[in-house]
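1. The following block contains a protein sequence and its predicted model.
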Amino acid sequence: MPTAGVGPPEQPARRSRAASYACAMELEVGPFDPALHIRSRDHYEAVRREAQLVALQPDAPPARFEQLIERLTRQFPRSPVDDVADRAYLAKEPIFAARVSLPDELVPAALEACDELETLMDDLDRWAATEIQLLEAPEDVKRYRQAYLDQARAQLRSARG
């Protein structure tokens, strides 16, 4: 793929928010390269492990990243994206796509989470390159992360109305 597996955002399949408080929007993820998704996930898991090993200050980007991940894990339902990407990778499929159901009442929080993740991951990359010089994200991982967040953000904004 010419853009390292990063495809254009697709239009979300959306349900009306007025129908019921329990309605869920369908967030479409992909098409993306499953190997790139796995490299991205593995990179940030390694950053989390390294940060624990070097016992950083609580205000350092890796510690804030860990806190954010813990909060988002409690706040949102488990996403099937990793499982879908893993299956596609094992099946040697060139791309994967997934749908994530998100309760309408969580859409504003998910949009805020996209912004928080983007800011904190940029801080994390700068920190890795300048402060401790380890585990800086490769450029293809940075491009994937940006495309993933841009796609999610566009759909969340559309669902919010």
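-> Arrived safely, thanks for sending.
2. Poorly predicted segments of the chain, please.
-> Across the chain, the ranges flagged by pLDDT under 70 are 1-23, 54-56, 131-134.
3. redo that, cut-off 90
-> Residue ranges of the chain with pLDDT under 90: 1-27, 43-67, 69, 77-78, 120-139, 141-142, 145, 159-161.
4. Double-check that Val100 belongs to a strand.
-> Yes: Val100 forms part of a strand when assessed by DSSP: H, G, I helix; E, B strand; the rest coil.
5. Can you tell me, leaving aside adjacent residues, what's nearest to it?
-> Spatially, and ignoring its direct neighbours in sequence, Val100 is nearest to Leu27 (4.3 Å; Cβ to Cβ, 6 or more residues apart in numbering). From N, CA and C alone the C-beta is placed, and that goes for glycine too.
6. Please identify which helix or strand holds the one you found.
-> strand 24-32 (DSSP states H and E).
7. Pro34: neighbour count?
-> 23 (other Cβ atoms under 10 Å).
8. I'd guessed it sits against Asp82; true?
-> No: counting by Cβ atoms under 8 Å, Pro34 stays clear of Asp82, with 10.0 Å between them.
9. what comes up buried for the longest helix along the chain?
-> As assigned by DSSP state H, the longest helix anywhere in the chain is helix 107-130. Using 16 or more other Cβ atoms under 10 Å as the test for burial, helix 107-130 gives 107, 110-111, 113-114, 117-118, 120-121, 124-125, 127-128.
10. Fine by me, thanks again.
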